[in-house]
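A.B. asks: What follows is a predicted structure for the sequence shown.
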Amino acid sequence: MIDPLGLIGAQNIQNPNSAQAKKAGDASSAGPAFKDVLMDNLAQVNKLQQDATRAVEDLHTQKRDDLETVLSATVKADTAFRMLLAVRNKVMEAYQEIQQIRV
């Protein structure tokens, strides 16, 4: 399976025994925040969808005649959206599970 966002296998996993990982209170060694990663991915998915829409419009107005590129852009946008939707569903499941925890 192709990763249209380039996230699978691209993470820099730090060694937990490294000196940077042992620093207490150093937020920069912990990596990017979940919110930042999520917002970046939302922006990338939005850009892919805009590119696919533009490619389809160009094909309809005959500014473009390469159907393969249009199909590729559309499939890429669809796959990225489905991956984002799967992440949202998992986050919502985790949130609902946390809500059910009794304190």
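C.D. replies: Okay, I see it.
A.B. asks: from the chain's centre, how far out does the stretch of helix or strand residue 88 belongs to sit?
C.D. replies: Assessed by DSSP states H and E, residue 88 sits inside helix 67-99. Distance of helix 67-99 from the chain centroid (Cα atoms, centre = their mean, to the nearest Å) equals 8 Å.
A.B. asks: how would you label residue 102: helix, strand or coil?
C.D. replies: Counting by DSSP: H, G, I helix; E, B strand; the rest coil, the backbone at residue 102 sits in coil.
A.B. asks: cool, residue 63 as well?
C.D. replies: Three-state call for residue 63 (three-state DSSP): coil.
A.B. asks: how close does it sit to residue 43?
C.D. replies: 26 Å (Cβ to Cβ, to the nearest Å). Every C-beta, even on glycine, is put in place using the N, C-alpha and C of the backbone.
A.B. asks: before we move on, back to that, mind listing what's buried in the helix holding residue 88?
C.D. replies: By 16 or more other Cβ atoms under 10 Å, the buried positions in helix 67-99 come out as 70, 73, 74, 76, 77, 79, 80, 81, 83, 84.
A.B. asks: Now render these as JSON lines, adding pLDDT and distance to residue 33.
C.D. replies: Shown next, in JSON lines, are the buried residues of helix 67-99 (pLDDT from 0 to 100; distance: Cβ to Cβ, whole Å):
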{"residue": "70", "pLDDT": "93", "distance to residue 33": "36"}
{"residue": "73", "pLDDT": "94", "distance to residue 33": "30"}
{"residue": "74", "pLDDT": "96", "distance to residue 33": "32"}
{"residue": "76", "pLDDT": "96", "distance to residue 33": "26"}
{"residue": "77", "pLDDT": "96", "distance to residue 33": "26"}
{"residue": "79", "pLDDT": "96", "distance to residue 33": "25"}
{"residue": "80", "pLDDT": "95", "distance to residue 33": "21"}
{"residue": "81", "pLDDT": "95", "distance to residue 33": "23"}
{"residue": "83", "pLDDT": "95", "distance to residue 33": "20"}
{"residue": "84", "pLDDT": "94", "distance to residue 33": "18"}
